[in-house]
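[1] Quick one: sequence plus predicted model below, questions after.
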Amino acid sequence: MTSTYAEQDQFDLHPVLDGRLLRDVIHPSRDLWTPRELRDLTSFVASELTTGLLRILDYSEERRWWARLGLTEGVELWLLSWLPGQHTEPHDHGGSAGSFTVLTGKLQEDYRYPAGPIRSAVRDTGDALGFGSGRAHQVLNPFDAPAATVHAYSPPLVPTREYASLLDIPDSIPPLPAQRLPLAELRQLADLEGP
């Protein structure tokens, strides 16, 4: 199968990973991805593109480090690293579905669905999960070793909402307006905001 220049201009891929494998799974024509499709994407990228991911991977003591791996009008794909003690604030994804797969190490995820209990899970290397828009979580590395994860969100670049605690999430999580933007504008937003 060959791809035309027009098809190639429908996505933005990290130069280390810009090859047939990722091009075949990023699906620039797909407007919205389901949690299962996102989980399959992050799991595939973590297992099949490991060598490239490890070449890209870096760590920062000042804050969590990240690199954008891919972007289309329907999905964003990121690599994040977590040193011991690093974490997110409790947050939701503003109406986007999401997924992450643990590439290396392990992390703790505390999560809650509206009006439900707070739950905790340890996510080990290779663990992958997809989630819908009605979920809030906090991801942290309370362990002694660094970790790295591959994340995907659809629709892309919807702002997150942070909470003081997972107890503070409302009984329903209303979606924030998704911006249906051309890829060039999404690239600019991604460069400014990060995951």
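    Received, thanks. Residues are numbered from 1 along each chain as shown.

[2] Model confidence for the residue nearest to the spatial centre of the chain, exactly?
    Residue closest to the average C-alpha location in the chain (C-alpha atoms, centre = their mean): H151, at 2.3 Å. pLDDT for H151: 98.

[3] Beyond whichever strand or helix holds it, next helix or strand please.
    H151 is part of strand 147-154 when elements are defined by DSSP states H and E. Remark: after strand 147-154, the chain's next helix or strand is strand 161-162, criterion DSSP H and E.

[4] what mean pLDDT does that next one have?
    92.

[5] what about stretch 72-92, start to end distance?
    21 Å (C-alpha to C-alpha, to the nearest Å).

[6] Any idea how far that stretch is from the middle of the chain?
    Here stretch 72-92 shows a centroid-to-chain-centroid distance of 5 Å under the convention C-alpha atoms, centre = their mean, to the nearest Å.

[7] quick one: average confidence on it?
    Here the average pLDDT along stretch 72-92 is 96.

[8] again with stretch 125-134
    Averaged across stretch 125-134, the pLDDT comes to 95.

[9] How far off centre is it?
    On C-alpha atoms, centre = their mean, the centre of stretch 125-134 falls 9 Å from the chain's centre.

[10] Quick check: beta-bridge partners of R68?
    W78 (DSSP bridges).

[11] Quick check, pLDDT for it.
    On pLDDT, R68 comes in at 95.

[12] from memory it sits against V75, does it?
    No - counting by C-beta atoms under 8 Å, R68 stays clear of V75, with 11.5 Å between them. Glycine gets a C-beta too; all of them are placed from N, C-alpha and C.

[13] So for these two, which residue has more residues nearby?
    A direct count of neighbours by other C-beta atoms under 10 Å for R68 and V75 places V75 higher, at 26 against 17.

[14] you'd agree that one is up against T34?
    No - taking contacts as C-beta under 8 Å, V75 lies outside contact range of T34: 10.9 Å.

[15] Chain neighbours aside, what residue packs nearest to Y163?
    P90 (4.4 Å; C-beta to C-beta, 6 or more residues apart in numbering).

[16] List the contacts of the closest residue in space to T88 that isn't next to it in sequence.
    Take T88 and drop its neighbours on the chain: the residue closest to it by C-beta to C-beta, 6+ apart is V139, 5.0 Å away. By C-beta atoms under 8 Å, 6 or more residues apart in numbering, the contact list for V139 reads W82, H87, T88, F100, L107, Q108, E109, T149.

[17] how far does the lengthiest helix in the chain sit from the chain's center?
    In the chain, with assignment by DSSP state H, the single longest helix is helix 35-48. Helix 35-48 sits 10 Å away from the centroid of its parent chain (C-alpha atoms, centre = their mean).
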